[in-house]
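**Q** sequence unavailable; structure follows:
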């Protein structure tokens, strides 16, 4: 009679080898998943910095300030391969337009990778104080038109003849 068969060691050894293979396969899969998320985080950081640089390069000379870009969604790599980003947020808390301070917050959804295509939806807010709004209105109105005297968030702008 075979010694391993008599003691039952052969079956136990085979079970341990099977369990070892399962553990190794699980560790490899988990390592690949972790590597994907690390790579995705790196690609997300690169894409956000690239978008920030592109936006800064295309702002008019009269606009100054720092714009931060955030790309939402689970995987930037998957979104890129699908052809559009789910959500892109642009925030500029201290933007200056023609010397007028403003805070800007924009959220764009369905932003295509191909810049020739249209963005799905863009929503945003621009926060101005009263003096900044009056300065922009005065610059925007044609000469000879009534000029704003005061505007606020709670009262509509009143005008006076120029």
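**A** Happy to help now that I have it. Treat the numbers as computed from the prediction; the structure is a model and nothing was measured.
**Q** and the longest helix for the chain?
**A** Taking DSSP state H as the criterion, the chain has its longest helix at helix 9-58.
**Q** so how far is it off the chain centroid?
**A** Centre-to-centre, helix 9-58 and its host chain are 23 Å apart (CA atoms, centre = their mean, to the nearest Å).
**Q** output the below-cut-off pLDDT ranges for the chain.
**A** 1-16, 144-162 (pLDDT under 70).
**Q** roughly how far does residue 31 sit from residue 24?
**A** Distance, residue 31 to residue 24, using CB to CB, to the nearest Å: 11 Å. Bear in mind the C-beta positions are built from the backbone N, C-alpha and C, glycine included.
**Q** between the two, which contacts overlap?
**A** Residues touching both residue 31 and residue 24 by CB atoms under 8 Å, 6 or more residues apart in numbering: none at all.
**Q** tell me what the longest helix of the chain is packed against?
**A** Helix 9-58 makes packing contacts with strand 68-72, helix 76-82 when contacts are defined by 3 or more CB pairs under 8 Å, 6 or more residues apart in numbering; DSSP states H and E.
**Q** nearest to residue 38, of these?
**A** helix 76-82 (11.4 Å; CB to CB).
**Q** redo the helices and strands packed on helix 9-58 as JSON lines? Include distance to residue 52 and mean neighbour count.
**A** JSON lines is the format used below for the helices and strands packed on helix 9-58 (distance: least, CB to CB, whole Å; neighbours: other CB atoms under 10 Å):
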{"stretch": "strand 68-72", "distance to residue 52": "5", "mean neighbour count": "16"}
{"stretch": "helix 76-82", "distance to residue 52": "15", "mean neighbour count": "15"}
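**Q** among these, which is nearest residue 37?
**A** helix 76-82 (9.9 Å).
**Q** tell me how far the closest one lies from the chain's centre.
**A** On CA atoms, centre = their mean, the centre of helix 76-82 falls 13 Å from the chain's centre.
**Q** kindly report the same for stretch 109-127.
**A** 11 Å.
**Q** where's residue 73 relative to residue 79, distance?
**A** As for residue 73, its distance to residue 79 is 5 Å (criterion: CB to CB).
**Q** now the common contact residues for these two.
**A** Common neighbours of residue 73 and residue 79, counting by CB under 8 Å, 6+ apart, are 85, 86.
**Q** one step back: now distance to residue 114 too, for the helices and strands packed on helix 9-58, in CSV please.
**A** Formatted as CSV, these follow (distance: least, CB to CB, whole Å):
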stretch, distance to residue 114
strand 68-72, 16
helix 76-82, 11
